[in-house]
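J.: sequence first, then the predicted structure:
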Amino acid sequence: MADITLAVDGTEVSVPVGATILDACRVLGKDQPTLCYLDNLTPVNVCRVCVVEVPGNRTLVPSCSRPVEEGMEVNTDSERVRHSRKMVYEFLASSVDLSLVDEETVDWMVRYGCDPDRYGPQADPVEDRDQRVAGHHHLGDGSTAETVHQPVKVDNELYIRDYSRCILCYKCVEACGEDAQNTFAIAVAGRGFDARISTEFDTGLTDSACVFCGNCIGVCPTGALMFRSEHELRLAGMWDEDDQTVTRTICSYCGVGCNLDLHVQDNRIVKVTSPMDHSVTSGHLCIKGRFGYEYVQELGDLAVTPIDQVLRRARVPDRDSSG
Amino acid sequence: MSALPTAAERAAVDGHLGLPQSAWEGGEERPEDAVLAEGGFRASQDRRQHILPTLHAVNDAIGWVSAGALNYICQRLLVPPAEAYGVAGFYALLSLEERPARVAHICDDVACRNQGGNKILSDLEGRSDVHPSPCLGQCDQAPAVFYQRAGEADCVAVVTDTDQVIKVLEGGKPEEVPATVPQAGDPALRLLKRIGRVDPTSLEDYRRAGGYRALTKAIDLGADQVLSEIKASNLRGRGGAAFPMGIKWEAVARSSVTLRYLICNADESEPGTFKDRVIMEGDPFALIESMTIAGLAIGAELGYLYIRAEYPFAQSLLENAIEQTRESGLLGDDVDGSGKSFDIEIRRGGGAYICGEETALMNSIEGHRGEPRNKPPFPTQAGLFGRPTVINNVETLINVPEIVLEGGDAFAAIGTTQSTGPKLFCLSGAVATPGVYEVEFGITLDELVDLAGGVTGSGSIGAIMLGGAAGLFVGEDYLDMPLTFEGAQDRKATLGSGVVMVFDDRTDFADLSQRIARFFRDESCGQCVPCRVGTVRQEELLARHCGGLPWEDELFEDIAQVMIDASICGLGHTASTAIRSVIDLGLLEGSRG
Ligand SMILES: Cc1cc2nc3c(=O)[nH]c(=O)nc-3n(C[C@H](O)[C@H](O)[C@H](O)COP(=O)(O)O)c2cc1C
Ligand code: SF4
Ligand code: SF4
Ligand code: SF4
Ligand code: FES
Ligand code: FES
């Protein structure tokens, strides 16, 4: 099919019909910031951090999902674009714990000059976010900036949900739903600022439809969803990525041939991922490949390593989230 | 989750959906159920759209939706419980927690708050059966209260007070007030001519008053000719965006996809707006006739009428109208002998302003959360269920019979070249005779306020809210503005949904601004960051200022700009405009202590 020619920041580029503005930017080596976009998920275009200016459009447009048009002139660095991107990051940083986002995101935030503190000190964590109802809220005096800070949900041995870190990018919902797992254990509940990722009636994961494939963990950009092992090690101050090795292997359970990346610290598997660009998995696994690794290290004769005690703590089904 | 429904919950669901056919759906175990699985992707897609009506059925009968009831609904409709929970919790009027059998939603929005709404709320503070509510579309009869009553029909009380609220909560029922318009009897009226004069429950009376002549003529003319007349009329949408109706209709009528839909947007939740309610309560057959003409013209066989839940009286009149027209062959397989088929289904909202946004409304009908979609694609390309869809506002649609009868050119001669036809305005607040007024485009704001008997209260205007909470406040210097789309645009104002709410110079505009900020925060769907967080930061900023701290204009401007530029939908785009206008008019300071 014929290509479409457009200009990005004055440079012409040709891309196939159906490509997005983001695709065109990438062809030119101009990556754009994204939060809710992932190559292996359907774009939901909700975070708005990827917006660009296109003359003829009253508002800015999301580059991650807007298809290119012949003759389009895209501006990725206008004053309006920089302002909106900065504000989106500021809004998130002032209301969500972003301490575990990737370096790229941190770089963008620095580049756009984000100052999340200008909304005032962050409000204390609350316990009632899962009970909040649509159309009503309690307003304070504005002296603190409302946040999504809340206790961590620890209700099983495999993974935890720390929604204080949730930017509501919908990725986990997509991965659990039609884009990968087709299990639909989690969805967006509530409305407005009180919108949140939830199981039905906020029931624990073990009572929900969740099959513990961990695909939601794989796509979460903020560390809100995390291996229980990583969570416990972080709490204990012993999580150390510099000390970890990543070993690629093939899952030994069935004949599908999923690639596994085993993250190993102190001779212990602490996390399992799969490469997003792997043709078999697109980054997605099942419970066996994701979590079924204990047998590898239950050989009986292993020397005790420094993190064993913490990892043992991770095998207690649930516990007080405070650590 | 394994919670089971009670017998009453099950009956409410079955009453709406019919009895379950197999054990898979929660029915009696049949021998074949052991060997034959039922359900699947296709069935789940087909059934999903019944989720909101079924949730309503339970909420209406029981007063709330328990985990057991939700599970049973999910089993019947093949919807995952987490998603059903997300859908139910999107709507303010569906309760996922047990609550008193009767609940009063007291309007404390812009018109009602200072006309008794706030007083009722403070009198009844602390009661679990009393909640504040955004505008109920009764601003000309403030204060208004909407009641949900488990096991009985919802109802509305207008011009009410604390004693009456207590009475209803203890078992009484407010009286239904038939729709009236201040101009009733004026021979110049086109859209309002039957309201208050023709029985809204009788098809026969409607026909005697000229009803259904337009449909007959439309069938004679044929779809193409009707489309030409609509285009010639230059009619622009009255729902707020002022988009030419003919362009939408033509795009769908010419689509290569033959399964198409018509939607009438009767969600009317913009604070200050009540014109659509008055039409639906006063002349429901006119809307049904208009939709029928529209459906035939664009080649849709099914039209959805999406009405806000707070309009139970209008809904019951429309249900009656649909039933009578079906019986008379004016809806159904062979509309009035045309050989064409068209029918109408009513869908009730659930207490969510955002569901008036056209794509959110479509998601709501389809059984998803009422989150707006990114555009493009536009509804005319891929709308309801992914099909080409025309969506029009109630007021826009009821112009259609006029256009068909008078001819598009004659209609276009009414008003100005860019703003053709008659226009309804919703006057409320400090005017002598609030209500819906029909005028020709082009009269000035001054003349319109005079038509409503002039300014009351202190007698001096503090500001006039135009276009609702999504619009803006203007000062006295706008009184000479001609009320046309172009006239408003020239003065950087908007007609929006036709709201003209007058506030006298004793009004506390800081308080009004805070109410508007609260409205947008409560009604944001929460999907996109600029609006989800921006509406919170805006409200916090106002709270700081109203608490005595200096106004932070730069921060406000920064918040407003990202909402305008980067939000997905019109809610975020307009969430700051009214507040900005209050600041620009100097009313935020002026009205403080
Ligand atoms: C937040 C929001 C709420 C809206 N609410 C309504 C509404 O209640 N009724 C309505 O007719 N249009 C509403 N609209 C406008 C619709 O999206 C759409 O433009 C309109 O229904 C089209 O009909 P029209 O062309 O006849 O005006 C709303 C838009 C937004 C952004
Ligand atoms: S672990 Fe798998 S099934 Fe469970 S919520 Fe995450 S994606 Fe869904
Ligand atoms: S939990 Fe993670 S993936 Fe899910 S919405 Fe929140 S930030 Fe996104
Ligand atoms: S602008 Fe607001 S209401 Fe509209 S999609 Fe975004 S969050 Fe939802
Ligand atoms: S990355 Fe495009 S909107 Fe989120
Ligand atoms: S009904 Fe109360 S403000 Fe409209």
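T.: Arrived safely, thanks for sending. All values reported here derive from a predicted model rather than from experimental measurement. Ligands and ions are numbered 1, 2, ... in the order given.
J.: spit out the contact partners of B:Leu55.
T.: Residues in contact with B:Leu55 (CB atoms under 8 Å, 6 or more residues apart in numbering or on different chains) are B:65, B:73, B:84, B:87-88, B:91, B:94, B:350. Bear in mind the C-beta positions are built from the backbone N, C-alpha and C, glycine included.
J.: surely it is in a helix?
T.: Yes. Judged by DSSP: H, G, I helix; E, B strand; the rest coil, B:Leu55 forms part of a helix.
J.: hang on, the earlier thing: which one of the contacts of B:Leu55 is nearest ligand 4?
T.: Distance to ligand 4, by CB to the nearest ligand atom, is smallest for B:Tyr91 among those, at 14.3 Å.
J.: strands of the chain, residue ranges please.
T.: Defaulting to chain A. A:3-8, A:11-16, A:51-52, A:61-62, A:73-74, A:159-161, A:187-189, A:196-198, A:225-227, A:245-250, A:259-265, A:268-273 (DSSP state E).
J.: that was the other one, I meant chain B.
T.: B:102-107, B:130-133, B:145-149, B:152-157, B:261-266, B:302-307, B:343-348, B:389-393, B:422-429, B:435-440, B:461-466, B:472-474, B:499-504.
J.: look up how far ligand 3 lies from the closest residue to B:Leu451 other than its chain neighbours.
T.: Distances taken as CB to CB, 6 or more residues apart in numbering or on different chains place B:Tyr437 nearest to B:Leu451, at 5.7 Å, with adjacent residues excluded. Relative to ligand 3, B:Tyr437 is positioned 47 Å away (CB to the nearest ligand atom, to the nearest Å).
J.: beta partners of B:Tyr437?
T.: Beta-bridge pairing for B:Tyr437 (DSSP bridges): B:Phe425.
J.: isn't it up against B:Lys423?
T.: No. Using CB atoms under 8 Å, B:Tyr437 makes no contact with B:Lys423, being 9.0 Å away.
J.: so B:Pro377 versus ligand 3, what's the distance?
T.: Distance from B:Pro377 to ligand 3, by CB to the nearest ligand atom: 25 Å.
J.: B:Tyr437 and B:Lys423: who's more crowded?
T.: Remark: of B:Tyr437 and B:Lys423, B:Lys423 carries more neighbours, 27 against 24, as counted by other CB atoms under 10 Å in any protein chain shown.
J.: what sits against that one?
T.: With CB under 8 Å, 6+ apart, B:Lys423 has these contacts: B:238, B:415, B:438-441, B:483, B:495, B:498.
J.: if we use 10 Å, what do you get?
T.: B:191, B:236, B:238, B:275, B:395, B:399, B:414-415, B:437-443, B:448, B:483-485, B:495, B:498 (CB atoms under 10 Å, 6 or more residues apart in numbering or on different chains).
J.: do the same with B:Glu476
T.: For B:Glu476, counting by CB under 10 Å, 6+ apart, the contacting residues are B:445-446, B:455, B:460-464, B:505.
J.: ditto for B:Gly151
T.: By CB under 10 Å, 6+ apart, the neighbours of B:Gly151 are B:8, B:12, B:60-63, B:101-102.
J.: say whether ligand 1 is contacted by stretch B:404-421.
T.: No. Against ligand 1, stretch B:404-421 shows no contacts by CB under 6 Å from any ligand atom, the least distance being 12.2 Å.
J.: got a markdown table for the strands of chain B, with mean pLDDT and distance to ligand 2 too?
T.: Conversion of the strands of chain B to a markdown table gives the following (pLDDT from 0 to 100; distance: least, CB to the nearest ligand atom, whole Å):
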| stretch | mean pLDDT | distance to ligand 2 |
| --- | --- | --- |
| strand B:102-107 | 98 | 34 |
| strand B:130-133 | 98 | 33 |
| strand B:145-149 | 98 | 34 |
| strand B:152-157 | 97 | 37 |
| strand B:261-266 | 98 | 33 |
| strand B:302-307 | 98 | 32 |
| strand B:343-348 | 98 | 31 |
| strand B:389-393 | 98 | 32 |
| strand B:422-429 | 98 | 47 |
| strand B:435-440 | 98 | 50 |
| strand B:461-466 | 98 | 46 |
| strand B:472-474 | 98 | 44 |
| strand B:499-504 | 98 | 44 |
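J.: make JSON lines out of the ones you listed and add distance to ligand 5.
T.: Listed next are the strands of chain B as JSON lines, based on distance: least, CB to the nearest ligand atom, whole Å:
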{"stretch": "strand B:102-107", "distance to ligand 5": "35"}
{"stretch": "strand B:130-133", "distance to ligand 5": "33"}
{"stretch": "strand B:145-149", "distance to ligand 5": "36"}
{"stretch": "strand B:152-157", "distance to ligand 5": "38"}
{"stretch": "strand B:261-266", "distance to ligand 5": "27"}
{"stretch": "strand B:302-307", "distance to ligand 5": "27"}
{"stretch": "strand B:343-348", "distance to ligand 5": "29"}
{"stretch": "strand B:389-393", "distance to ligand 5": "25"}
{"stretch": "strand B:422-429", "distance to ligand 5": "36"}
{"stretch": "strand B:435-440", "distance to ligand 5": "40"}
{"stretch": "strand B:461-466", "distance to ligand 5": "32"}
{"stretch": "strand B:472-474", "distance to ligand 5": "28"}
{"stretch": "strand B:499-504", "distance to ligand 5": "32"}
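J.: any chance you could list what contacts the least confident helix or strand in chain A by mean pLDDT?
T.: Sorting the helices and strands of chain A by mean pLDDT, DSSP states H and E puts helix A:294-297 at the bottom, at a mean of 86. Helix A:294-297 is touched from outside by A:249, A:252, A:262, A:264, A:267-269, A:305, A:308, A:311, A:315, with contacts defined as CB under 10 Å, 6+ apart.
J.: just the buried ones among those, please.
T.: Buried by 16 or more other CB atoms under 10 Å in any protein chain shown: A:262, A:264, A:268-269, A:311, out of these.
J.: flag the least confident of the residues you listed.
T.: Ranked by pLDDT, the buried ones among the contacts of helix A:294-297 bottom out at A:Leu311 (90).
J.: so how far is B:Ile391 from it?
T.: For A:Leu311, the distance to B:Ile391 (CB to CB, to the nearest Å) stands at 56 Å.
J.: can you get me a residue count around B:Ala37?
T.: B:Ala37 has 9 nearby residues by other CB under 10 Å.
J.: residues touching A:Met238, list them.
T.: A:232, A:265-266, A:270, A:306-307, A:309-311 are the contacts of A:Met238 under CB under 10 Å, 6+ apart.
J.: no wait, B:Leu192
T.: Residues in contact with B:Leu192, defined by CB under 10 Å, 6+ apart, are B:179-184, B:186, B:275, B:278-279, B:282-283, B:286, B:398, B:422, B:424, B:435-438.
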